[in-house]
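Undergrad: Pasting the sequence and the predicted model now:
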Amino acid sequence: MANLKEIRSRISSVQSTMQITSAMKMVSAAKLKKAQDAITAMRPYAEKLTELLQNLSSTIEGDLGGSFTEQREVKKVLIVAITSNRGLCGAFNANVVKQVRALEEAYKGKEVTIYTIGKKSGDAFRKTNTIAGENTAIFDNLSFDNAAEIAQELMHKFEAGEFDKIELVYNQFKNAATQIIKTEQFLPLVSGESVQSASADYIFEPTKEEIVLTLIPKSLKTQLYKAIRDSFAAEHGARMTAMHKATDNATELRNQLKLTYNKARQAAITNEILEIVGGAEALKG
């Protein structure tokens, strides 16, 4: 059995760890509230914008979307992996890496390139894959304008023919304890033919065609911004949950160590008493 000094040292170490994980949990909980409010407020707008674009596209004859709707033979694929800049959030980043690896396997025989958003995805793919671009600064100031710059870069690469298909992989926020790994097609645009909605008689000003041409870039930028926002909220939810579990585990370990310490202390006291009694009996004899 370890001596009392070693056990006291371990108890002190576990208590320090417990204070750190508890503080990180509270920080993540505070950040989660703000991030959750932002993505909850944004989702209806993003979904309605996509629905409107698809409905309009399905009523217009011809290939109005230009290169953004062009269905090419898929030879070169770009996967945008959205992770966090920091760890200590359970399987949050590992799930994205795992999904990207699965997509690579699905596109076996095709040229697959990775675009990383977040430091952790860069670390995971830099040594094994071709990297088309990296961005770790977006989370320092997460705004629509900063996300739009990345979206514009991706749109330019697709227009230039560098890639035939672009997909997003990220964690979608459901609640603090649940994140859903999502794979979304970014480009080319998904056709609105499969969208079923009630037809309505609208008066358009300007024309349908002009509205669609204006909506396409805006819709793509909004889609990417929503994905990054989702990932940001999911990150704090995952970290809060991970730190909660870590705090619980540290508490359990501390209690076990205290029990071990008390048993060892009791055994030491019992031995001392036996030695004293034994010595006294020896003196009598």
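TA: Everything's here; your move. Numbering: from 1, shown residues only.
Undergrad: So what touches the helix or strand encompassing Thr113?
TA: Using DSSP states H and E, Thr113 maps to strand 111-117. With CB atoms under 8 Å, 6 or more residues apart in numbering as the test, strand 111-117 has contacts from 75-83, 100, 103-104, 121-122, 125-126, 129-136, 138, 150, 154, 163, 228. In short, each C-beta sits where N, CA and C put it, glycine included.
Undergrad: can you do 7 Å?
TA: The contact list for strand 111-117 (CB atoms under 7 Å, 6 or more residues apart in numbering) reads 75-82, 100, 104, 122, 125, 129-135, 138, 150, 228.
Undergrad: Direction included, what does that strand pair against?
TA: strand 76-82 (parallel), strand 131-135 (parallel) (DSSP bridges).
Undergrad: what's whichever helix or strand Asn271 is part of packed up against?
TA: For Asn271, the host element (DSSP H and E) is helix 208-284. Counting contacts by 3 or more CB pairs under 7 Å, 6 or more residues apart in numbering; DSSP states H and E, helix 208-284 is packed against helix 4-58, strand 76-82, helix 92-106, helix 144-159, strand 165-175, strand 178-187.
Undergrad: Most tightly packed of the ones you listed?
TA: Of all the helices and strands packed on helix 208-284, strand 76-82 carries the top mean neighbour count, a mean of 24, counting by mean count of other CB atoms under 10 Å.
Undergrad: quick one: that one to chain centroid distance?
TA: 15 Å (CA atoms, centre = their mean, to the nearest Å).
Undergrad: what's the model's confidence in stretch 40-58, averaged?
TA: Averaged across stretch 40-58, pLDDT comes to 84.
Undergrad: Send me it as PDB with only the CA atoms.
TA: C-alpha atoms of stretch 40-58 as PDB (Å, rounded to 0.1, in the frame of the first residue of the first chain):
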ATOM      1  CA  THR A  40     -31.200  29.000 -32.900                       C
ATOM      2  CA  ALA A  41     -32.100  32.500 -34.200                       C
ATOM      3  CA  MET A  42     -30.300  31.900 -37.500                       C
ATOM      4  CA  ARG A  43     -31.600  28.500 -38.500                       C
ATOM      5  CA  PRO A  44     -35.100  29.600 -39.500                       C
ATOM      6  CA  TYR A  45     -33.700  32.300 -41.800                       C
ATOM      7  CA  ALA A  46     -31.100  30.000 -43.400                       C
ATOM      8  CA  GLU A  47     -33.700  27.200 -44.000                       C
ATOM      9  CA  LYS A  48     -36.200  29.600 -45.400                       C
ATOM     10  CA  LEU A  49     -33.600  31.200 -47.700                       C
ATOM     11  CA  THR A  50     -32.600  27.800 -49.000                       C
ATOM     12  CA  GLU A  51     -36.300  26.800 -49.500                       C
ATOM     13  CA  LEU A  52     -37.000  30.000 -51.400                       C
ATOM     14  CA  LEU A  53     -34.100  29.600 -53.700                       C
ATOM     15  CA  GLN A  54     -35.000  25.900 -54.400                       C
ATOM     16  CA  ASN A  55     -38.600  26.800 -55.100                       C
ATOM     17  CA  LEU A  56     -37.700  29.600 -57.400                       C
ATOM     18  CA  SER A  57     -35.100  27.500 -59.200                       C
ATOM     19  CA  SER A  58     -37.600  24.800 -59.800                       C
END
